[in-house]
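>>> Test case, fold it:
(one chain, ligands or ions: 2)
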Amino acid sequence: MAITITRPFRSPPVPFRRCSSPVSLRFSRLGRGIRCSATDRQELFSRIAPVYDNLNDVLSLGLHRTWKRMCVSWSGAKRGDRVLDLCCGSGDLAFLLSQKVGLDGEVKAVDFSRMQLKAAATKQEMYWKSCYKNIIWIEGDALSLAFEDCCFDAITVGYGMRNVADKPRALQEIFRVLKPGSRASILDFNKSKSLLVTSFQNWSIDNIVVPFASTYGLSEEYRYLKSSIAEFLTGDELVNLAKEVGFSSAKHYEIGGGLMGNLVITR
Ligand SMILES: C/C(=C\Cc1cc(O)c2ccccc2c1O)CCC[C@H](C)CCC[C@H](C)CCCC(C)C
Ligand SMILES: C[S@@+](CC[C@H](N)C(=O)[O-])C[C@H]1O[C@@H](n2cnc3c(N)ncnc32)[C@H](O)[C@@H]1O
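Residues are numbered from 1 along each chain as shown. Ligands and ions are numbered 1, 2, ... in the order given. Next comes the predicted model:
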């Protein structure tokens, strides 16, 4: 399956100083509040693309697939719908959406990492389900979507919102391309108010995730998880931001014992 390039990815004007240091130093500095550009994150996700799915399965004991099914259910996607999976990565949610909307529906899956899209397209060629023909992989920027207003019946974002450089802008784009009365479902790590949950998240990243990722030479890339969660928005802050953008309703559900969260917003 070909990958459509809607536009060459241009780094959006981001409030981060472009890091000129080598990758290892660049991401090791992330944890100390020195942020990197959208381009650095683009490169991060391209580097982890070959092992991304496997590490998600191992490190979450397969639970991430349950969390992703919940995200897609909350989107309200149904047979015949035109839907968008934003920050699609290796396509897990796009494949789930594909089964929901069927062959008379359509899934557009957008990511700015070509390597992640290649991984997704490879899986699409390997999988036997005929409905997967309804997925179109598009290299593009979540902060500047090449779609008309009000064109999608449902949108999912799986572990993407925490990684975009400009969250208000991303929600504005989601609002713009969503049909009135339709929903977006945004799954990510939960920036918990519970010290116990936050401590467990940080402990498991430090003592399980990063050491395991280091066997693939990706310790700094996975260490980024910790700082990105710390710099994310809480569920209440995501709800308030969504309402400021103009969504008529917004609800944040904590799942996975509070480790993860899913924002459900209606235009
Ligand atoms: C699917 C998951 C994470 C996707 C993901 C998101 C990112 O922003 C990344 C950034 C940099 C590198 C990798 C990722 C990335 O994989 C969630 C599950 C996979 C996590 C890697 C595992 C997280 C472990 C939890 C903190 C603790 C889980 C305990 C549970 C009882 C098994
Ligand atoms: C952690 S992965 C999530 C992949 C997939 N949705 C999943 O649930 O496994 C985050 C993805 O967001 C993409 N991403 C981050 N910022 C983006 C942006 N501004 N535009 C498009 N994709 C972006 C990355 O390239 C990466 O593939």
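>>> Please identify the residues of the stretch 151-267 of the chain in proximity to ligand 1?
Within the stretch 151-267 of the chain, the positions lying close to ligand 1 (Cβ under 6 Å from any ligand atom) are 159, 162-163, 201, 204-205, 209, 221-222, 224-225, 228, 259. For every residue, glycine as well, the C-beta is placed using N, CA and C.
>>> Among the residues you listed, which ones are in helices?
Counting by DSSP state H, those place 201, 204, 221-222, 224-225, 228 in helices.
>>> any idea which helix or strand comes after the helix or strand harbouring residue 172?
Assigned by DSSP states H and E, residue 172 falls within helix 167-177. Downstream of helix 167-177, the first helix or strand assigned by DSSP H and E is strand 178-189.
>>> strands paired with that next one, and their directions?
In the sheet containing strand 178-189, its partner strands are strand 152-158 (parallel), strand 260-266 (antiparallel), by DSSP bridges.
>>> Run a quick neighbour tally on residue 262.
27 (other Cβ atoms under 10 Å).
>>> Apologies, that question was intended for residue 59.
So residue 59, with other Cβ under 10 Å, has 18 neighbours.
>>> now do the one 4 residues further on
Neighbouring residues of residue 63 were enumerated by other Cβ under 10 Å; the total is 16.
>>> Residue 192 too?
Neighbours around residue 192, by other Cβ under 10 Å: 21.
>>> The chain: helices as residue ranges?
Counting by DSSP H, the helices of the chain are 23-30, 38-48, 52-59, 63-75, 92-101, 114-126, 167-177, 195-204, 210-214, 219-230, 235-245.
>>> which residue packs closest to the residue nearest to the spatial centre of the chain, ignoring adjacent ones?
For the chain, the residue nearest the mean C-alpha position is residue 160 (2.2 Å; Cα atoms, centre = their mean). Excluding its sequence neighbours, the residue lying closest to residue 160 (Cβ to Cβ, 6 or more residues apart in numbering) is residue 87, at 2.4 Å.
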